[in-house]
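[1] how would this look folded up:
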Amino acid sequence: MPALRTTIPLLLSLHVGVPTLAQPPPEPWEPGVRHLELLPRAAGERPELRISPGLALTVVFDTPLRSLRQGGVELEERARFRLVSLDEEGRVLTLVLAPGEVPDRPLRLTVHFADGAVPASVAFHLVAHPARAETHVQVYRQPRSAEVCCEQADAEREKARRCLLELERTRAEVTGPGRASLIGLRSDGLLDRAGVRTKVLPVETLTVGPANALALWDATAFRSAAPGQQPEERRARVAVLLTLRGPGAQDWKAEGAHLASRGGRGRNVTVWQSPASKPGFREVMVETELTEAEARGRFTLKLWDASGTRTVTLGGVTFP
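    Numbering: from 1, shown residues only. The predicted structure is shown next:
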């Protein structure tokens, strides 16, 4: 296996938004827990839940459902699902779409509440995508308490704070001194005496998806320094560089990517793809930001093309 050569342009891709970087389209729902209230809706209008093959979708209800034996859950095309389970209290519904199953239309999910109050049941649309999905949805049939609303407001404020930090970082990259240079990395606190850390990821240590459109040739992970005074403020830029191979690999284009931790929490990532690759090979790099604690975890990386059907999935990704 040929060794990857770390080049200055590659290191700089951790810092700047060069023209070949492409942001994936905005997702309908942000990664993390989504809160859904069962408000009155027009006839035929159903809330959507996004699901992906092999990834568990957990739906938590504030009001118990009837048991599965009592018909508490009705699922269209049940045979497409590997798992449909409901806990003993009837509050936690778990759905896992079987690998390779991507229905071309929404599937109807209807749940029936155990207390008989209005509404006695609610219907959802399950929208399948090869890669983008939700993992945790909290459904409220009753009005939420002030405590729950405060918790959600705190979560929204934290999300807004992260967005502002990301905006400031992006502005600094565009207008700050030393853009597209090692000075720029240093001025942002992303470069210390240890440099940008690198780690070769042996192919045999990674879990490769059985339906991958391309084979993995080699992989390398990168991590910058983590500026900040307090531990919770110390966030590093991390990236994974992949060389993929297979017939027509040079024509395959990564349209988007998803990096998820073991708990299923998704990360927004930036995708960079080499504009020129030799026949049969394709070089792709993804980048995101993690806290120092998060960077010590294990991740699953999934990439997909414009059609959403030709995907590449790698499990067991770690950073230096």
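[2] Dig out what the closest residue to T270 other than its chain neighbours forms beta bridges with.
    Nearest in space to T270, with sequence neighbours left out and distances taken as C-beta to C-beta, 6 or more residues apart in numbering, is E287 at 4.8 Å. Where you see a C-beta, it was placed from the backbone N, CA and C, and this is true even at glycine. Beta-bridge partners recorded for E287 (DSSP bridges): A239, T270.
[3] And E287, how far from P130?
    For E287, the distance to P130 equals 21 Å [C-beta to C-beta, to the nearest Å].
[4] for A98, same thing?
    With distances taken as C-beta to C-beta, A98 is found 13 Å from P130.
[5] if I look at these two, which residues touch both of them?
    Counting by C-beta atoms under 8 Å, 6 or more residues apart in numbering, the common neighbours of A98 and P130 are P53.
[6] out of these two, which sits in the more crowded spot?
    Of the pair A98 and P130, P130 is the one with more neighbours under other C-beta atoms under 10 Å, namely 21 against 12.
[7] Check which helix or strand that one maps to.
    Secondary structure from DSSP states H and E places P130 outside every helix and strand.
[8] Ok, the one 3 residues further on next?
    For A133, there is no helix or strand it lies in under DSSP H and E.
[9] Which residue is the nearest non-sequential neighbour of it?
    S52 (3.4 Å).
[10] Now for A226: which residues touch it?
    234-236, 291-292, 295.
[11] Between those, which sits nearest R91?
    T291 (31.0 Å; C-beta to C-beta).
[12] Any idea what the closest one is bridged to?
    Under the criterion used (DSSP bridges), T291 bridges to R235.
[13] Could you point out the helix or strand that follows the worst-scoring helix or strand of the chain on mean pLDDT?
    Counting by mean pLDDT, DSSP states H and E, the chain has its least confident helix or strand at strand 21-22, which shows a mean of 39. Sequence order places strand 33-37 as the next helix or strand after strand 21-22, per DSSP H and E.
[14] Partner strands of that next one, with direction?
    Applying DSSP bridges, strand 33-37 is found paired with strand 136-140 (parallel).
[15] Looking at the strand it pairs with now, give me its mean pLDDT.
    Looking at strand 136-140 alone, the average pLDDT works out to 91.
[16] now do stretch 309-320
    Stretch 309-320 comes out with an average pLDDT of 90.
[17] what comes up buried for it?
    Neighbour counts using 16 or more other C-beta atoms under 10 Å place 310-315, 317-320 of stretch 309-320 among the buried residues.
[18] Residues contacting stretch 243-251, please?
    Contacts of stretch 243-251 (C-beta under 8 Å, 6+ apart): 4, 213-219, 252, 277-284, 312.
[19] ok, back up a step: out of the buried residues of stretch 309-320, name the ones that lie in strands.
    Counting by DSSP state E, the buried residues of stretch 309-320 place 311-315, 317 in strands.
[20] And the furthest pair within those?
    Top of the distance list for those (C-beta to C-beta): T311 and V317, 15.2 Å.
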